[in-house]
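Fold the stuff below for me.
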Amino acid sequence: MPRDVPYVQFNFQVTLDGMQMGFQEISGIGMEVTVVTYRTGDSKENGPRKVMGLNNTSDITMKRGIVGTLELYEWLNRIRNGEYKGGYKDGTITLLSEDREPVLTWTLSRARIMKYTCGPLNAKGTDVAMEEMVVAHERLTMALGRG
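Purely as a prediction, here's the structure:
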């Protein structure tokens, strides 16, 4: 339901192939349709037309504290070893209201992890040890609520 006050960004859920995962930060959710310029040689206009091109989705970065599981590494390892079964996942990112009700859901189709990084590690620090993954996907859709 629309409201005058924007929703806060700190309540969200991530689900990949039915498995709910907790992340501290998600960035890069987006899509665009490219525009191609085109002009025929016999056009009476002295400029190109703008024609719709391909749909592109941006890569999504997800960060979380290391929780003692290898699920992200194992996902990337299957892909780099050519095991495409289990390499592609469908998933959702759902923004929640203050009372934890679904507000907006982004659905990712044929997502796959393309980069995993860890750290920094610092013996003098008190920060949480973090891991990060970058996910490429082929299609992004949006829906109100749970989708």
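
Contacts only, for residue 67.
residue 22 (CB atoms under 8 Å, 6 or more residues apart in numbering). No exception for glycine: its C-beta is placed from N, CA and C like everyone else's.

mind listing the strands for the chain?
In the chain, the strands defined using DSSP state E lie at 12-16, 19-21, 25-27, 31-38, 49-57, 60-65, 89-96, 102-118, 130-136, 139-144.

can you tell me which of those strands the model trusts least?
Comparing mean pLDDT across the strands of the chain, the weakest is strand 19-21, with a mean of 88.

who's in contact with it?
Contacts for strand 19-21 (CB under 8 Å, 6+ apart): 13, 14, 15, 64, 71.

buried ones in it?
Of all the residues in strand 19-21, those buried under the rule 16 or more other CB atoms under 10 Å are residue 21.

cool, stretch 94-108 as well?
If you call a residue buried by 16+ other CB under 10 Å, then stretch 94-108 has these buried ones: 94, 95, 96, 102, 103, 104, 105, 106, 107, 108.

ok now it, how far from the chain's centre?
Stretch 94-108 sits 14 Å away from the centroid of its parent chain (CA atoms, centre = their mean, to the nearest Å).

Endpoints of it, how far apart?
End-to-end span of stretch 94-108 (CA to CA, to the nearest Å): 11 Å.
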